[in-house]
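Undergrad: Fold the following.
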Amino acid sequence: MKTFVKAMAVAAVLVAPALTFAQSDSGLTRSQVKQDLQQVEAAGL
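TA: The predicted model follows:
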């Protein structure tokens, strides 16, 4: 049982960085976000 807990802890440590890396890419560039913000502000929202 202790071996299983240790294995799960090691797996969590190895998988966590991969999950956070996958979430960090939103698909939009900084310039696209700025352009969208300017369009919203110009529309008065």
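
Undergrad: how about Gly27, secondary structure?
TA: coil (DSSP: H, G, I helix; E, B strand; the rest coil).

Undergrad: residues near it, how many?
TA: Residues contacting Gly27 under the criterion other Cβ atoms under 10 Å number 5. Quick note: C-beta positions are derived from backbone N, CA and C, even for glycine.

Undergrad: pull the CA atoms of the helix or strand containing Lys34 into PDB?
TA: Lys34 belongs to helix 30-43 when assigned by DSSP states H and E. C-alpha atoms of helix 30-43 as PDB (Å, rounded to 0.1, in the frame of the first residue of the first chain):
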ATOM      1  CA  ARG A  30      -0.600  39.500 -27.400                       C
ATOM      2  CA  SER A  31      -1.300  41.600 -30.500                       C
ATOM      3  CA  GLN A  32      -4.600  39.800 -31.100                       C
ATOM      4  CA  VAL A  33      -5.700  40.400 -27.600                       C
ATOM      5  CA  LYS A  34      -4.700  44.100 -27.900                       C
ATOM      6  CA  GLN A  35      -6.600  44.400 -31.100                       C
ATOM      7  CA  ASP A  36      -9.700  42.800 -29.600                       C
ATOM      8  CA  LEU A  37      -9.500  45.100 -26.600                       C
ATOM      9  CA  GLN A  38      -9.300  48.100 -28.900                       C
ATOM     10  CA  GLN A  39     -12.400  46.900 -30.900                       C
ATOM     11  CA  VAL A  40     -14.400  46.500 -27.700                       C
ATOM     12  CA  GLU A  41     -13.400  49.900 -26.400                       C
ATOM     13  CA  ALA A  42     -14.200  51.500 -29.700                       C
ATOM     14  CA  ALA A  43     -17.700  49.900 -29.600                       C
END
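
Undergrad: Right, I'll call it a day here.
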